[in-house]
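A.B. asks: Below is the sequence, then the predicted model.
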Amino acid sequence: MRPFTHSLPKAMLPVAGKPAVYHIIDVVKEAGVSDFVIITGYLCHLMESEILKAYPQLNIEFVRQKEQKGLGHACYMAKEKFSENDGLLIIYGDTLFKADLNKMLNSEKPVIGVYEVEDARRFGVVILDENKENITDFIEKPEIPPTNLVIPGVNYFPKAGSLFNALKHIIENNIKSKNEFQITDAFAHMIKNENIQMTYQKIDAWFDTGTLDEMLASNKKILQTNGNFNSAQTDNAKINEPVYIAKNVRILNSEIGPFASIAEGSVIEDSVINSSIIDINSEIKNSKIEESILGRNVHLKNFQGKILLGDNGRIVCDE
């Protein structure tokens with residue numbers, strides 16, 4: 001995800017007008033959840049300050065993972081924030097999705113969200129029982145996937161203690177997969193050693209942001225799904241929907257969209273932008289771009305084509 005992750009955590013990269021993690025918070029908030037614990041690591045101070053500023057009405061706490069030892073280890077860092085019988089909804093920080101969370105939150109069994117893909121080798125996959133009602137095992141990033149039902153990262157546990165006990169077991173016994181403490185190994189321990197029945201729920205939509213190409217594709221899909229949003233100040237501008245244009249954006253003598261996302265504080269003049277993502281406080285003049293991603297505080301002038309330009313980048317081409 002470089003050059004963008006040089007200056008931003010992956011979860012803070014913009015998709016469809018706002019940081020990826022904001023999409024997650026918004027979906028969970030709509031399901032009635034108001035207490036959040038967010039695990040941070042790389043550039044934690046930036047992420048924490050911006051999230052607190054964006055969501056002052058929520059009860060948000062942060063736990064820092066100082067050593068990168070895997071997703072299971074990251075989740076285990078939050079154990080002190082939960083009581084034994086608290087309900088626990090776990091969502092991975094780059095998982096943008098649509099799902100019936102209310103159904104998931106009302107389950108008496110642990111629920112693993114699953115999604116059907118063509119190539120499951122990059123993901124954790126589930127194995128189901130003969131009746132296809134419960135999960136019998138998990139395999140993390142298999143070279144030859146036994147199923148195509150993968151784990152996007154939306155999981156619910158009616159009792160948080162059951163998961164944290166399983167995470168404690170794999171960490172204390174140094175049980176690793178791919179040289180990391182995987183949360184799927186904790187899930188498997190709960191099924192095989194604690195006799196905990198675990199079911200699954202199919203996710204309605206999953207927007208992967210694992211690569212820059214997937215980030216652009218997800219931007220397009222989310223705009224198609226969520227529809228148009230435009231708060232720009234415009235003068236002689238043509239807007240081709242769907243787009244996401246945040247407040248305090250100025251657009252002059254330009255054509256925007258379709259599938260353009262422009263974040264707050266940006267200025268677009270004498271330009272054409274489509275199928276691109278522009279982060280906050282960027283300035284684009286006399287340019288024509290597509291399939292491009294521009295970071296924060298970028299200055300681009302007299303450019304045509306496709307470009308990936310990180311935060312504070314400046315490119316001025318000869319006219």
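C.D. replies: Yep, that arrived.
A.B. asks: what are the ranges of the helices in the stretch 151-300 of the chain?
C.D. replies: Under the criterion DSSP state H, counting those that start in this stretch, the stretch 151-300 of the chain contains helices at 160-172, 183-192, 212-226.
A.B. asks: could those helices be laid out in a markdown table, adding mean neighbour count?
C.D. replies: Glycine gets a C-beta too; all of them are placed from N, C-alpha and C. Shown next, in a markdown table, are these (neighbours: other C-beta atoms under 10 Å):
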| stretch | mean neighbour count |
| --- | --- |
| helix 160-172 | 19 |
| helix 183-192 | 22 |
| helix 212-226 | 18 |
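A.B. asks: Of all those helices, which one is nearest Ala263?
C.D. replies: Ala263 sits nearest to helix 212-226 of all these, at 11.7 Å, using C-beta to C-beta.
A.B. asks: Might you report the residue contacts of the residue nearest to the spatial centre of the chain?
C.D. replies: The chain has Asp94 as the residue nearest its centroid, 2.3 Å off, counting by C-alpha atoms, centre = their mean. Asp94 sits next to 10-11, 20, 153, 209-210 when contact means C-beta atoms under 8 Å, 6 or more residues apart in numbering.
A.B. asks: Pull out the buried members of those residues.
C.D. replies: Buried by 16 or more other C-beta atoms under 10 Å: 10-11, 20, 153, 209, out of these.
A.B. asks: Which of the helices of the stretch 151-300 of the chain sits closest to Ala74?
C.D. replies: helix 183-192 (8.3 Å).
A.B. asks: what angle sits between the closest one and helix 160-172?
C.D. replies: If you take axes from the mean of the first three to the mean of the last three C-alpha atoms, to 10 degrees, helix 183-192 sits at 110 degrees to helix 160-172.
A.B. asks: and helix 183-192, what other elements does it pack with?
C.D. replies: Under the contact definition 3 or more C-beta pairs under 8 Å, 6 or more residues apart in numbering; DSSP states H and E, helix 183-192 sits against helix 71-76, strand 135-140, helix 160-172.
A.B. asks: how about the ones you listed, which one is nearest Tyr200?
C.D. replies: strand 135-140 (5.7 Å).
A.B. asks: The closest one - contacts with which helices or strands?
C.D. replies: strand 124-128, helix 183-192.
A.B. asks: Identify the residue spatially nearest to Asn312, adjacent ones excluded.
C.D. replies: Closest residue to Asn312 apart from its sequence neighbours, by C-beta to C-beta, 6 or more residues apart in numbering: Asn297 at 4.9 Å.
A.B. asks: And for the one you found, the neighbour number?
C.D. replies: 17 (other C-beta atoms under 10 Å).
A.B. asks: got a list of what it touches?
C.D. replies: Residues near Asn297 by C-beta under 8 Å, 6+ apart: 280-282, 311-312.
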